[in-house]
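A.B. asks: Next input, structure requested:
(one chain, ligands or ions: 1)
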Amino acid sequence: MARLSHLLAFAATAIAREITFPPVSGMQEPLGATGRMNLGMDLSEPLYSGLMTFGSLPYVHCLAAADTTVEPYDIAIVGAPFDTGVTARPGARYGPNGIRQGSTRMHAQFSWSVYTGRNYFQEWAKVVDCGDAPLTVLDNTIALKQLTKTHEVISARKGNDSEFTVPRIITLGGDHTTTLPALRSTFTHFGPVSVIHFDSHIDTWNPDVLGGGFSHYAGVNHGTFLHIAHEEGLILNSSIHAGIRAPVSNKKYDIHHDKSCGFTIVKARDLDKIGMQGVIDALKERVKGTKVYISVDIDVLDPAFAPATGTAEVGGWTTRELLTILDGLSGMEVVGADVVEVAPIYDNPGETTVLAAAEVVHSLIGLMVEKPVKGKAT
Ligand SMILES: [Mn+2]
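C.D. replies: All right, here's what the predicted structure looks like:
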């Protein structure tokens, strides 16, 4: 009897093995003419596959040697893995890949906005990811020179569009010091710019105040770069901060000094009084008639929405509010932009910060696509 039950069990298994799976049409096809398997599937779309780029955009080796042919592009994403200019928590050197990780759901084929009905990846501009700038982690002065050179090389290449020949760059920071080389680059091609600076901190601190005067290079950091940009004549006196709420180091000097660097301030809580349209109007009015650089320190958001940053300040804006304000800036001549201070190590399992940062980058791409800008004659 034992032997019979064994046989029955074996028979049942044999029957189970005869179950055929539903036919998958692609899998049933014979070998193609080339002798390779034709699976009838399109594997060419890189969503969630291939090596990671921002929004699965094509990777271009924008920093290739001078005698190399490089595919032309109009808008270039470049990472700046630099975080040795911070005064609080480090970690933003991992920001570029963190932001790319936050962008994995984004894809050129699946990016039609429900708000505007547009897909900025499928309009006139060729948008690419150049990977990261090679920056030494051991010497800030050298690293910032490397980043300046990176901007020079990427912006000097031919635009894909014959009319708008200077490619524009969106930098993925990196701490906020990385904005300084970007402003040097926009100055070369577009002249001085108004900066719309989204941040909880003013970042115009005098290097003697923030840096302590220990050494010349200690004064070049993520809280002084806007002072230095002003000193170098890279920015116009029609610049503006948005989302400011962090304390300053003394009663009068910092704010007075901030004004002399060319800035006015929209404070975080001004949003409660004037609303999002009020903020949009204030920003547009301030920079009217000038070329604009938009710098977004992710700490402009409340830590509830962006915990993964070096110098978090509570009482900030929501992600939706920031995106509405950014998208409201359409029509401006945006010649360069960045998202900085994303330090993924402090993010949560839901990747709240990097998702927000990636969408901010998407909005910046949208602003650049909506308004092409010609470089100055050189
Ligand atoms: Mn900042």
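A.B. asks: Tell me the residues of the stretch 201-350 of the chain that contact the ion?
C.D. replies: Taking Cβ under 5 Å from the ion as the test, the list of the stretch 201-350 of the chain residues beside the ion reads 203, 297. C-betas here are computed from N, CA, C, even on glycine.
A.B. asks: Do a quick rundown of the strands in the stretch 201-350 of the chain.
C.D. replies: Here the stretch 201-350 of the chain has its strands, by DSSP state E, counting those that start in this stretch, at 239-244, 263-267, 292-297, 334-340.
A.B. asks: Can I get these in a markdown table including mean pLDDT, distance to residue 273 and mean neighbour count?
C.D. replies: Shown next, in a markdown table, are the strands of the stretch 201-350 of the chain (pLDDT from 0 to 100; distance: least, Cβ to Cβ, whole Å; neighbours: other Cβ atoms under 10 Å):
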| stretch | mean pLDDT | distance to residue 273 | mean neighbour count |
| --- | --- | --- | --- |
| strand 239-244 | 98 | 14 | 26 |
| strand 263-267 | 98 | 9 | 18 |
| strand 292-297 | 98 | 22 | 28 |
| strand 334-340 | 98 | 27 | 27 |
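A.B. asks: Output these in JSON lines; the columns should cover distance to residue 100.
C.D. replies: As requested, the strands of the stretch 201-350 of the chain are arranged in JSON lines below (distance: least, Cβ to Cβ, whole Å):
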{"stretch": "strand 239-244", "distance to residue 100": "24"}
{"stretch": "strand 263-267", "distance to residue 100": "30"}
{"stretch": "strand 292-297", "distance to residue 100": "16"}
{"stretch": "strand 334-340", "distance to residue 100": "11"}
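A.B. asks: Quick one: neighbours of residue 341, just the number.
C.D. replies: 34 (other Cβ atoms under 10 Å).
A.B. asks: Show the contacting residues for it.
C.D. replies: Listed by Cβ atoms under 8 Å, 6 or more residues apart in numbering, the contact set of residue 341 reads 92, 95, 173-176, 222, 297-299, 309-311.
A.B. asks: what does residue 135 give?
C.D. replies: Contacts of residue 135 by Cβ under 8 Å, 6+ apart are 80, 81, 82, 143, 146, 147.
A.B. asks: ok, now with 10 Å
C.D. replies: By Cβ atoms under 10 Å, 6 or more residues apart in numbering, residue 135 lies in contact with 79-84, 93, 142-147, 150, 174, 178, 181.
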